[in-house]
Each structure stands twice: as C-alpha cells, then as structure tokens.
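> Next input, structure requested:
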Amino acid sequence: MAFNLKNEYLKNKKVREAIALSIDRDKIITYKLAGMALPADSLMNPDHWARHRGLKPYTYDIEKAKRLLDETPFKDPDGTGPLPRFGLVYKTSSVRERIEIAELIAEGLKRVGIHVTVKPYEFGTFYQDIRQGDFDIFTLTWVGLSDPDIYYDIFHSSNVPPHGANRGFYVNSTVDDLLEKSRTEINREKSREIYHRIQQIIYDDFVYAPLWYESNYVFMNRALNGYNLRPDASFSGLAGVSIGVVASP
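Presented below is the predicted three-dimensional model:
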C-alpha cells in the first residue's frame, strides 16, 4: 500500500503507522490468497541478495493503531460512535479480487476510525492516476524486481510525479544521499550495507505498508529438464531448458 504524503492526514507518520497496523495480512492471505503468500516487510523478495533480513512484517494491532491516532490531531469525534476521524479515497483496479481485498482493508481501517471510500477503475485509468500522484492510498503489485536500483526510482526525491515512481512524494535527504552512493558503489558487500540502511529508513518512516510476497509455483511437462523457478516468476528460467524423453509407465 502506498501513501500520498501530500495528503493532510497521511503526512503524519503516526497515521501511516496506524494504517499499517490496521491491515490483517494473515486474514487476507488465508481467505483471499488461499494461503499462497507470505507477509512482506520490504520490496525485495525473501531470497534477494540486497534484502534487509532484520526487518519484520508490521503486526495486526487495532488497539495500538487507535492509540497512535489518539496521539495525532485527528481525535475520534464520538468515541465508540459512528463518526470517523477522517476519510480517505482508496484507489484500486477493477479486478474483482483486488476490489474484495481493498474492501477488507477498508473494514480494518474503519475499526480505528478512518472512513475509506474504495474506488475501482479500469487499469489504464487507475495506473494513470497513480503515476500522476492523484490518490490518497492505493495498492498495487510490484513484479520483476531484480535490481535494487529500483529504490532510486521509487524513493529518490527527484523522481516524484510525473518524473518517476516516487508516487507518494517522499522526500528524505539522507535516503537521497544513500541512493546516489548506491549507484557508484561496486563492492557487493558495501552495496548491501547501503541498501540495508535505505530499507531500514523506508521501513521506519512507513513510506509504504508492505503487504505480502505472493508464492510462485510452476507446473510443467515431465519431459522438460533444467528449468529453475526464479523468485520474480519470470520466464528467463526457460533459457536453460532442454526437452528429454519421458519413458512410458
């Protein structure tokens, strides 16, 4: 989930943290994804060389989320009553599964006093809006992330809309410096350390609310040899495939 940090409410880090804690990832993974996913803590897949393995997925904690919101200027106007603290528009694609997931997330946010209006769009319109930064919150899947330099495009302050993928308008001079340094560091271990620092800051700032890593599976003919399933589920693993002979049973 991405937040628009220009939004009057979402510019407050405690609000973003409260939202992250209001999402019941385990419930969504179990009931909407048939258990075929793992809770996420960053953009990098679990096996990526640059991934910071010390991060933990945000836990589902409604009571802590309420306490965090109570520490902001956005108090609950009527306690346990029906009035919300504030409202947000949640944009998503018109795919039924994505709408259902958005509605589950919206239900969790309602429990802490945030009214969410889910607005599904045809993908072309939806994607155009988020590229322009025209949203409050949205969810989308990153695919094919293999080079950690993607962090430059997503989080460097020079790449806010319409120039890049920093769609939430995140600005952090320390992150900018680290991202620029990452592009000139050729030592793998030093590069890993830089990316770990970047991921830690992004995690602590609640710039995104990582949701889950979808599990990848492959079904193939027994005659195929040498196929290796890649973490990003790309078809590049087919490059080393050969076709053998399957013996009759």
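> any idea how far residue 153 is from the spatially most central residue of the chain?
What sits nearest the mean C-alpha location of the chain, by C-alpha atoms, centre = their mean, is residue 210, with 3.6 Å. According to C-beta to C-beta, to the nearest Å, residue 210 and residue 153 sit 17 Å apart. Heads up, the C-betas are built off the backbone N, CA and C, glycines and all.
> Isn't the residue nearest to the centre of the chain up against residue 41?
Yes: if you go by C-beta atoms under 8 Å, residue 210 and residue 41 touch, sitting 5.5 Å apart.
> Which neighbours do the two have in common?
In terms of C-beta atoms under 8 Å, 6 or more residues apart in numbering, residue 210 and residue 41 are both contacted by the residues 57, 58.
> Can you dump the C-alpha atoms of the longest helix anywhere in the chain in CSV for me?
The helix that spans the most residues within the chain, counting by DSSP state H, is helix 188-205. What follows is helix 188-205 as a C-alpha-only set of coordinates in CSV (Å, rounded to 0.1, in the frame of the first residue of the first chain):
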residue,chain,number,x,y,z
ARG,A,188,28.8,-6.1,-3.3
GLU,A,189,29.1,-6.2,0.5
LYS,A,190,29.3,-2.4,0.8
SER,A,191,26.4,-2.1,-1.6
ARG,A,192,24.4,-4.5,0.5
GLU,A,193,25.1,-2.3,3.6
ILE,A,194,23.8,0.8,1.8
TYR,A,195,20.6,-0.9,0.7
HIS,A,196,20.1,-2.2,4.2
ARG,A,197,20.3,1.3,5.5
ILE,A,198,17.8,2.5,2.8
GLN,A,199,15.3,-0.2,3.6
GLN,A,200,15.5,0.4,7.3
ILE,A,201,14.8,4.1,6.9
ILE,A,202,11.9,3.4,4.5
TYR,A,203,10.6,0.9,6.9
ASP,A,204,10.8,3.2,9.9
ASP,A,205,9.2,6.1,8.0
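> What ranges does this structure have for its strands?
Taking DSSP state E as the criterion, the chain carries its strands at 2-3, 37-39, 86-93, 114-121, 137-138, 212-214, 224-225, 242-243.
> Need the contact partners of stretch 12-29.
With C-beta under 8 Å, 6+ apart as the test, stretch 12-29 has contacts from 1, 3, 9-10, 35-39, 57-62, 64-66, 68-69, 71-74, 101, 104-105, 108-109, 111-112, 114, 137, 205-207, 209, 211-212.
> domain parsing for this protein?
What automatic domain parsing lists as the domains of the chain is 2-215, 222-249.
> Please render these as CSV that adds mean pLDDT to the earlier fields.
Output for the domains of the chain, formatted as CSV (pLDDT from 0 to 100):
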stretch, mean pLDDT
domain 2-215, 94
domain 222-249, 72
